[in-house]
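Novice: Dropping a prediction and its sequence here:
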Amino acid sequence: MTEVRVRIAPSPSGNLHVGTARTALFNYLFAKKNNGKFVLRIEDTDAERTSQSYIDNIFDSLKALGLNWDEGPDVGGPYGPYTQSERFDIYPKYVQKLLDSGFAYECFCTPEELEAEKEIAQQNKKPYVYSKKCENLTEEEKTKLRAEGRKPAIRFNIAKAQKAFHESSMLHFDDLVKGDLHVDTNLLGDFVIMKSNGAPTYNFAVVIDDMLMKISHVIRGEDHISNTFKQILIFEALGAEVPRFGHLGMILAPDRSKLSKRHGATAVSEFVEKGYLTDALINFVALLGWSPSDGQEIKTVDEIAQDFRIGEISSSNSIFEYDKLNWMNSHYIKMLPIEELKERLKPYLTQYDLTSMTDAQYTRMVEVTREPLTLLSDITDAVTYFFGEDVVIDEKARETLDTDTAQDVLKTFTEQSKDWVWTEENLHEKLEAFRGFYKEKGIKPKVTMWAIRAAVTGRLCGADMTAILAILGKEKSMKRIKSAMKQTV
Ligand code: GLU
């Protein structure tokens, strides 16, 4: 068997989309599984939509996801360059080959002429197929058209290629994911492979690159199926080996429409900014079409690679369930080693003065606030009461503080805690006794604690109260309690 070589070929007209990340992942997994090579090629032929920042974003996002490539624009490789705009001098030779063998021809039609053809097709309610008007132009006619200043585009001659390599007009291929796929090539229409300005079109450049880069398997989204038929014919016309193709179902939003910004983040970098861990994101993305044989969904990329079989990928569309991703992300946050979590949270804590805490205090704060985090960014709000002198008291906390019971609790707490040793361990014991003291008076322990929590944090929910008091220290805790007593009743 020849070496497995797969590629991801993003067009840098936007930040790396999660759909492209999934395509990259499946290619990467397929390469890993088969001891093959994973190639990155940047398809930047559309200069107007390309930008360097998108190229950088593609590199950074793939790296952050751990999808490192064996060959690519930055690392090079034996079949470079790996950026299409640097390959422009390669394509004309193959155009010429197709012209010489009669599988391509010059087309002098103007945009207006083509538009007129399209309109007629529309009036007749027929799909538009190029008329082949220029297929049999004589040399004399061509010379005349050139003299008029017309520059030809080059079209691929579908019928000729089809006839040369297939018995009927039906073209079949055996898709790695979807099985037999076929089309009546009469419906394809002779498409342009090189524009009149000399620029190759996507369908042509991609074939030349895949051929020269010795790509053995092309795994990509099913939106490319109609292109695949055209590409197969070009491979054949060039006498090249046709790679195997596999097309992945689409990724849809929960409302089954195309996943777009209005549903939430769509680019990998947006997910990262929002506080998703790339390990969670890549694990989630793998499940969009692939399922683990042991039903155990939480897996590293290496574990997935062991279990990955391209033929078992679902051929249908997948739904991007943000809720499931959130669940996975919270799971990954829980699993993260504390030191790593401390570092990962720092970008979301820039508004606070972390130098006001010792490392031990910061560690403890993270330990007691990590549990309910869905996103890393949730930490910003979750720790707000650990910083600053005062707190903003929210409505529910104020309602609690506005009761006689709460005011009594706070008054007694102030008195009793005067000589407490302010360590978490000791506070734990003291608070237990304090709750007991009120329980005997018929006040539920949780009501007693609500009063203290409302005063110290300004809210009724949050981290373990003993830890909060210990981290804040006696002085700040008491100051807030006194202030809550003054502010209310
Ligand atoms: N540049 C194409 C895209 O981003 C690549 C398609 C392919 O994989 O051939 O859709």
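Specialist: Received, thanks. Only a predicted model underlies this, so the values are computations on that prediction, with no experimental measurement involved. Residues are numbered from 1 along each chain as shown.
Novice: How about exporting whichever strand or helix holds residue 410 as CSV, limited to the C-alpha atoms?
Specialist: Assigned by DSSP states H and E, residue 410 belongs to helix 404-416. C-alpha atoms of helix 404-416 as CSV (Å, rounded to 0.1, in the frame of the first residue of the first chain):
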residue,chain,number,x,y,z
ASP,A,404,-34.3,40.8,62.3
THR,A,405,-32.9,37.3,62.3
ALA,A,406,-30.0,38.3,60.0
GLN,A,407,-29.2,41.4,61.9
ASP,A,408,-29.2,39.4,65.1
VAL,A,409,-27.0,36.7,63.6
LEU,A,410,-24.5,39.4,62.4
LYS,A,411,-24.4,41.1,65.8
THR,A,412,-23.8,37.9,67.6
PHE,A,413,-21.2,36.8,65.1
THR,A,414,-19.3,40.1,65.6
GLU,A,415,-19.3,39.6,69.3
GLN,A,416,-18.5,35.9,69.4
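Novice: buried ones in that helix?
Specialist: 405, 406, 407, 409, 410, 412, 413 (16 or more other C-beta atoms under 10 Å). Glycine gets a C-beta too; all of them are placed from N, C-alpha and C.
Novice: Could I get those residues in TSV, plus columns for pLDDT and distance to residue 84?
Specialist: As requested, those are arranged in TSV below (pLDDT from 0 to 100; distance: C-beta to C-beta, whole Å):
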residue	pLDDT	distance to residue 84
405	95	72
406	96	69
407	95	73
409	97	71
410	97	70
412	97	75
413	97	70
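Novice: of the residues you listed, closest to the ligand?
Specialist: The ligand lies nearest to residue 406 out of these, by C-beta to the nearest ligand atom, at 60.6 Å.
Novice: So that closest one versus residue 137, what's the distance?
Specialist: Counting by C-beta to C-beta, to the nearest Å, the gap from residue 406 to residue 137 is 93 Å.
Novice: could I get the buried residues of helix 404-416 as TSV with distance to residue 393?
Specialist: Shown next, in TSV, are the buried residues of helix 404-416 (distance: C-beta to C-beta, whole Å):
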residue	distance to residue 393
405	17
406	12
407	14
409	15
410	13
412	20
413	17
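Novice: Specify which member of the residues you listed is nearest to residue 385.
Specialist: residue 410 (16.3 Å; C-beta to C-beta).
Novice: what sits against the residue in the stretch 301-450 of the chain that the ligand sits nearest to?
Specialist: Using C-beta to the nearest ligand atom, the closest approach of the stretch 301-450 of the chain to the ligand is made by residue 310 at 15.4 Å. Counting by C-beta atoms under 8 Å, 6 or more residues apart in numbering, residue 310 touches 26, 30, 176, 177, 219, 246.
Novice: give me that answer again for 7 Å
Specialist: 30, 176, 177, 246 (C-beta atoms under 7 Å, 6 or more residues apart in numbering).
Novice: Can you give me the pLDDT of it?
Specialist: Note for residue 310: predicted pLDDT of 93.
Novice: can you give me the helices for the stretch 151-300 of the chain?
Specialist: Ranges of helices in the stretch 151-300 of the chain, per DSSP state H, counting those that start in this stretch, are 158-165, 202-212, 225-237, 268-274, 278-286.
Novice: sorry, back to before: could the buried residues of helix 404-416 be laid out in CSV, adding distance to the ligand?
Specialist: Shown next, in CSV, are the buried residues of helix 404-416 (distance: C-beta to the nearest ligand atom, whole Å):
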residue, distance to the ligand
405, 64
406, 61
407, 65
409, 63
410, 62
412, 68
413, 63
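Novice: Just confirm residue 332 is within a helix.
Specialist: Yes: assigned with DSSP: H, G, I helix; E, B strand; the rest coil, residue 332 falls within a helix.
Novice: So for it, what's the pLDDT?
Specialist: 97.
Novice: Can you get me a residue count around the closest residue in space to it that isn't next to it in sequence?
Specialist: Residue nearest to residue 332 in three dimensions, not counting chain neighbours: residue 280, with 3.9 Å by C-beta to C-beta, 6 or more residues apart in numbering. For residue 280, the neighbour count with other C-beta atoms under 10 Å is 23.
Novice: Spell out which parts of the stretch 1-150 of the chain neighbour the ligand.
Specialist: 9, 10, 11, 43 (C-beta under 6 Å from any ligand atom).
Novice: Among those residues, name the buried ones.
Specialist: Buried members of those, counted by 16+ other C-beta under 10 Å: 9, 10, 11, 43.
Novice: who touches residue 279 in this structure?
Specialist: So residue 279 contacts residue 332 (C-beta under 7 Å, 6+ apart).
Novice: do residue 77 as well
Specialist: 70, 71.
Novice: Look at it and report its pLDDT.
Specialist: 98.
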